[in-house]
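Asks: dropping a prediction and its sequence here:
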Amino acid sequence: MTIQRRLSLSFLIILMLFAVNLVIYFWGNQRRLSTVEGLRSALSRQALIAVLNQNLNNIQKQITLLSQVATESSASTGADPTDVAEFNKQLKKVEQDINELHSLSEPDTKANIAAFAEAYQQLSTSWRVFYENFGVDQAKAITELVVRAEPLAQEVIQQRLPQLQQGENVRVEAASANFYDVARLTDRTTMLIFLLSAVVAFTLAGVVSRQLTSGLNRLREGAASIGAGNLEKRIEIRGKDELSELAGSFNDMTGDLSLARDQLTRVNEQERKKSEELEKALDQLRKAQDQLVVQQKLASLGSLTAGIAHEIKNPLNFVTNFAEVSVTMVNELRETLDEQKARLDARVIENIDEILVDLQQNVRKIQEHGKRADGIVRNMLMHSRGHSDERNLTNLNTLLAEYVKLAYHGMRAQNTNFNVTIQEEYDPSLEPVVVVAHDLSRVFLNIANNACYAAFEKKKRLGDGFSPTVRATTKSLPSAVEIRIRDNGDGVPENVQKRIFEPFFTTKPAGSGTGLGLSMSFEIIVQQHKGRLELNSDPGQFAEFIITLPKTT
């Protein structure tokens with residue numbers, strides 16, 4: 001028999017045993033639920049009968065007490081309407097309990113409960129007559145109590161109710177005994193079936209496992225022998241299952257391997273040498289290709305940026321210059337209008353004033369955005385120009401401190417409310433490094449400006465409870481210099497971090513940034529100085545730019 005058939009048969013038998021277990025379990029569970037429901041119903045009826053007994057005895061005591069009062073007193077004042085309503089409410093509650101008991105009762109007890117309910121109806125009617133005539137018609141009240149109520153109360157409370165109670169006690173005991181009998185039977189049956197299933201399953205597993213283990217051990221020993229280099233080893237074949245077929249194929253493969261080993265040994269050394277040569281050539285080609293792509297991109301971007309900037313520069317100068325002239329002309333026109341106010345109608349003057357105000361605002365907006373566009377063009381020209389500045393030994397601590405302060409005072413000059421805390425920690429052991437100081441200062445200024453902006457924007461949103469801070473540090477590493485500029489603003493979202501160094505990409509609102517500062521900084525650090533510019537940010541908490549410059553270039 002094949003392994004597949006063995007496993008399929010074993011699996012089928014185990015499934016059948018599992019199905020039998022499920023059937024027995026659900027059968028036993030159904031039996032238990034049925035007995036539990038019968039026991040619960042019997043207990044509910046027993047509790048209701050106890051409540052009825054208590055309530056009827058309380059009402060009987062109340063009637064007895066009132067009858068004694070009626071006999072001893074000659075008062076002619078009837079019962080208080082509130083007391084009558086409360087008494088009727090008690091009778092109604094007993095009637096509801098009897099109805100509930102009737103709904104919970106079994107078919108063979110419904111007739112007794114119906115008779116009990118009918119007797120109670122007569123008794124409650126007699127009690128109401130007594131209560132309503134108490135203090136009004138004492139003779140009628142006493143007669144009703146003696147003639148009808150007391151015999152009915154004796155029948156209901158002392159005869160029928162104890163009979164119901166005794167019957168329910170018997171049913172509760174029977175239901176309890178039935179519940180325990182069913183529970184024992186189902187538990188024993190379930191345990192027996194489970195044990196039989198476990199024995200059969202373990203037997204099948206043992207037989208199949210022993211057969212598979214024997215064949216697999218032979219294959220393992222053969223594979224280990226071949227792995228040790230003994231290609232003359234052959235596996236013993238037993239039976240006609242898949243493992244035997246695999247052993248035969250394994251023996252054939254071993255013979256083929258023995259023939260191919262000699263050939264493989266001869267060509268292996270040649271292939272190894274060729275592979276090493278190809279790897280070296282491929283690595284050189286990949287590096288050259290990467291450099292070529294980067295150079296082409298930078299050259300294209302620089303040419304495009306320079307061309308656009310030069311084409312825009314001249315008309316932009318005309319726009320800004322004529323905007324300034326227009327502002328002056330509007331002011332002169334306003335002065336002339338002031339001189340002619342006496343000759344013109346007041347309404348005409350008011351209309352002209354409104355037009356001049358609008359015209360002056362428009363011209364100022366043109367001037368403002370023209371200057372902004374001029375700044376963008378200057379940045380584009382700076383971005384496109386080559387890096388031919390002379391390199392000099394530069395104290396990076398001094399350079400960084402100077403441009404961090406410059407960024408701070410520049411922001412404060414634009415907004416008198418601006419204020420952040422500057423923390424500086426410069427490594428005194430840092431020696432001067434050969435860099436292009438002019439270009440590196442632009443990097444420091446750009447990053448420090450962004451840090452101050454981010455920290456102050458968070459301050460404006462959170463208010464006095466937040467303290468904006470910008471921290472600048474330097475550190476001397478064995479072969480490099482590390483510069484960190486960190487702010488405690490809102491950080492950079494994860495989906496933006498990958499694009500932060502792209503040209504013309506900015507996270508600032510429209511009109512607040514050109515998108516060229518960080519791209520120029522990246523080019524200066526990475527392309528010009530062969531360093532690294534990295535961003536470390538926790539969105540909502542901080543953003544930190546890490547500049548690493550080699551000490552020798």
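Replies: Received it, and whenever you're ready, just let me know what you need. Numbers count the residues shown, from 1 in each chain.
Asks: and the closest residue to Glu482 other than its chain neighbours, helix, strand or coil?
Replies: The spatially closest residue to Glu482, leaving aside those adjacent along the chain, is Lys475, at 4.5 Å (C-beta to C-beta, 6 or more residues apart in numbering). (Glycine included, C-beta is placed from N, CA and C.) Of the three states, Lys475 takes strand under DSSP: H, G, I helix; E, B strand; the rest coil.
Asks: what score does Lys475 have for pLDDT?
Replies: For Lys475, the model assigns a pLDDT of 94.
Asks: now do the contacts for it.
Replies: 427, 430, 481-484 (C-beta atoms under 8 Å, 6 or more residues apart in numbering).
Asks: recalculate using a threshold of 10 Å.
Replies: 425-427, 429-430, 481-484, 548 (C-beta atoms under 10 Å, 6 or more residues apart in numbering).
Asks: cool, Tyr408 as well?
Replies: 418-422, 448-449, 451-452, 470.
Asks: buried stuff in the helix or strand containing it?
Replies: Following DSSP states H and E, one finds Tyr408 within helix 396-414. Across helix 396-414, burial judged by 16 or more other C-beta atoms under 10 Å covers 396-397, 399-401, 403-404, 407-408, 411.
Asks: which one (most neighbours) among the contacts of Lys475?
Replies: Ile483 (27 neighbours; other C-beta atoms under 10 Å).
Asks: isn't that one right up against His529?
Replies: No. Contact criterion C-beta atoms under 10 Å: Ile483 and His529 do not qualify, at 11.5 Å.
Asks: common neighbours of those two, please.
Replies: 440, 443, 547-549.
Asks: those residues in strands, which ones?
Replies: 547-549 (DSSP state E).
Asks: just checking, what packs against the helix or strand hosting Lys110?
Replies: In the assignment (DSSP H and E), Lys110 maps to helix 110-133. Applying 3 or more C-beta pairs under 10 Å, 6 or more residues apart in numbering; DSSP states H and E, we find helix 110-133 packed against helix 3-72, helix 81-104, helix 138-144, helix 150-153, helix 161-227.
Asks: repeat that with 6 Å
Replies: For helix 110-133, the packing partners by 3 or more C-beta pairs under 6 Å, 6 or more residues apart in numbering; DSSP states H and E come out as helix 81-104, helix 138-144, helix 150-153.
Asks: in three-state terms, label the residue nearest to Glu424 when sequence neighbours are not counted for me.
Replies: Among residues not flanking Glu424 along the chain, Ala472 sits closest, at 5.3 Å (C-beta to C-beta, 6+ apart). Following three-state DSSP, Ala472 is assigned to strand.
Asks: my guess is Ala472 contacts Lys405. True?
Replies: No. Between Ala472 and Lys405 there is no contact under C-beta atoms under 6 Å: 9.7 Å.
Asks: could you list the domains of the chain?
Replies: As given by automatic domain parsing, the domain ranges for the chain are 3-204, 243-358, 389-550.
Asks: just those: most buried one?
Replies: domain 389-550 (a mean of 17; mean count of other C-beta atoms under 10 Å).
Asks: off-centre distance for it?
Replies: Centre-to-centre, domain 389-550 and its host chain are 34 Å apart (C-alpha atoms, centre = their mean, to the nearest Å).
Asks: next one: Ile235 from Arg220, what distance?
Replies: As judged by C-beta to C-beta, to the nearest Å, Ile235 and Arg220 stand 10 Å apart.
Asks: what about the two, which has more around it?
Replies: Taking neighbours as other C-beta under 10 Å, Ile235 and Arg220 compare with Ile235 leading, 23 against 12.
Asks: three-state assignment of the more buried one?
Replies: coil.
Asks: from what I see, it and Gly222 are in contact.
Replies: Yes. Between Ile235 and Gly222 there is a contact under C-beta under 6 Å: 4.0 Å.
Asks: how much space between Ala472 and Ile546?
Replies: 12 Å.
Asks: I misspoke; the intended subject was Gln68.
Replies: For Gln68, the distance to Ile546 - C-beta to C-beta - is 101 Å.
Asks: quick one: the strands in the stretch 451-553 of the chain?
Replies: Here the stretch 451-553 of the chain has its strands, by DSSP state E, counting those that start in this stretch, at 469-476, 480-487, 532-538, 542-550.
Asks: of those, which is nearest Asp187?
Replies: strand 532-538 (59.6 Å; C-beta to C-beta).
Asks: any low-confidence regions in the stretch 51-200 of the chain?
Replies: Residue ranges of the stretch 51-200 of the chain with pLDDT under 70: 69-79.
Asks: next, the angle from the helix holding Tyr408 to strand 542-550.
Replies: Per axes from the mean of the first three to the mean of the last three C-alpha atoms, to 10 degrees, the angle that helix 396-414 makes with strand 542-550 is 140 degrees.
Asks: mind checking pLDDT for the residue nearest to Ser521 when sequence neighbours are not counted?
Replies: Excluding the flanking residues, the one nearest Ser521 by C-beta to C-beta, 6+ apart is Val443, at 4.2 Å. With respect to pLDDT, Val443 scores 90.
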